[in-house]
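Visitor: got a sequence here, can you model it:
(one chain, ligands or ions: 1)
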Amino acid sequence: MTDRYAVVGNPVAHSKSPWIHAQFARQTGQAIEYGAILAPIDGFSRAVAEFRAAGGRGANVTLPFKQDAFRFAARSSERARAAQAVNTLVLDADVPYGDNTDGAGLIGDLQRNLGYDLAGKRVLLMGAGGAAQGVVAPLLEAGPSRLAIANRTARKALELAGRFPPATGGSYAELAGEQFDLVINATSAGLSDELPSLPRAIFAKGALAYDMVYGRDTPFLRVAREAGAAASDGLGMLVEQAAESFFIWRGVHPETAPVLAALRGA
Ligand code: ATR
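Guide: Numbering: from 1, shown residues only. Sure thing, here's the model as predicted:
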């Protein structure tokens, strides 16, 4: 039987993961099948347990289940524990194992696809939800001179930063007068065409604005471009985190550049 994998989410029909993993499989000559599972909002564990019982070897986990997946995994990686969230499940072990490749995906996209060196940079991370939590530790490891976390609910940014010194956390208003070389939007504001209340002069000369959302031009990216910053959506992060998951399951690194180029062309 062909080894089976799937992405689990709600909604999940829009997911590009089945297509991306099919490209990786073809490219590396791995015989896998990769589907999509729509789990009920309160039925994540059951859906994954059923998939595992039916022979499913691994799963990617997307919104809104990354915290459920963290609880589902009996063992987990250090980076999954730091993020308190799991986007990659290994199901063909004695007990389900959870990992989180989102941070590696972001750093991989910045470094490999965008040629961006984080060392010594002033970095602002917007948001304090699941998407932001997964990338704080990997960002710090890349050696920025400063990492600030801002959130609409300032208390959540303070709490998140408190877990990752020397990161600092607070409200957007507190950033007035400061400038950053890299501003990463890890909020879901763009999905409803909204913009966090970012001070307008936040972008340093030559700054890069990065929105983890993909497939739409968000108000954040528009404002950044108007301010003279370079702008990138999160499509590259999606492909890079998928490649990292593929490596965890299959032990081979697929090439991401042709897959990203094909997605951009489509
Ligand atoms: P995710 O897992 O995608 O991060 P989440 O945990 O619901 O989802 O977090 C959503 C994030 O987007 C939060 O940081 C949220 O800010 P609050 O903590 O203040 O709710 C942020 N967010 C969502 N809509 C926003 C908006 N219109 N303006 C600013 N921040 C927004």
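Visitor: find the least confident helix or strand in the protein, judged by mean pLDDT.
Guide: helix 130-133 (a mean of 90; mean pLDDT, DSSP states H and E).
Visitor: and the helix or strand following that helix, how far out from the chain's middle?
Guide: Going down the chain from helix 130-133, the next helix or strand is helix 136-141, by DSSP states H and E. The chain centroid and the centroid of helix 136-141 are separated by 13 Å, computed with CA atoms, centre = their mean, to the nearest Å.
Visitor: so helix 136-141, near the ligand or not?
Guide: No. Helix 136-141 is not in contact with the ligand by CB under 6 Å from any ligand atom; minimum separation 12.0 Å. To be clear about C-beta, it is placed using only N, CA and C from the backbone, and glycine gets the same treatment.
Visitor: what's that helix packed up against?
Guide: helix 78-83, helix 102-108, strand 122-126, strand 146-150, helix 154-163 (3 or more CB pairs under 8 Å, 6 or more residues apart in numbering; DSSP states H and E).
Visitor: mind checking what helix or strand follows the last one in sequence?
Guide: Going down the chain from helix 154-163, the next helix or strand is strand 168-170, by DSSP H and E.
Visitor: now find how far off-centre that following strand is within its chain.
Guide: That offset, for strand 168-170, works out to 21 Å (CA atoms, centre = their mean).
Visitor: swap in stretch 156-172?
Guide: 19 Å.
Visitor: likewise for stretch 40-51?
Guide: Centroid displacement of stretch 40-51 relative to its chain, using CA atoms, centre = their mean, is 22 Å.
Visitor: now do that stretch: everything it contacts.
Guide: The contact list for stretch 40-51 (CB atoms under 8 Å, 6 or more residues apart in numbering) reads 4, 6, 8, 10, 37, 39, 56, 59, 64-65, 68-69, 71-72, 89, 91, 96.
Visitor: just the strands in the protein please.
Guide: Secondary structure of the chain by DSSP state E: the strands cover 3-9, 32-38, 56-61, 75-76, 88-90, 97-99, 122-126, 146-150, 168-170, 180-185, 203-211, 230-232.
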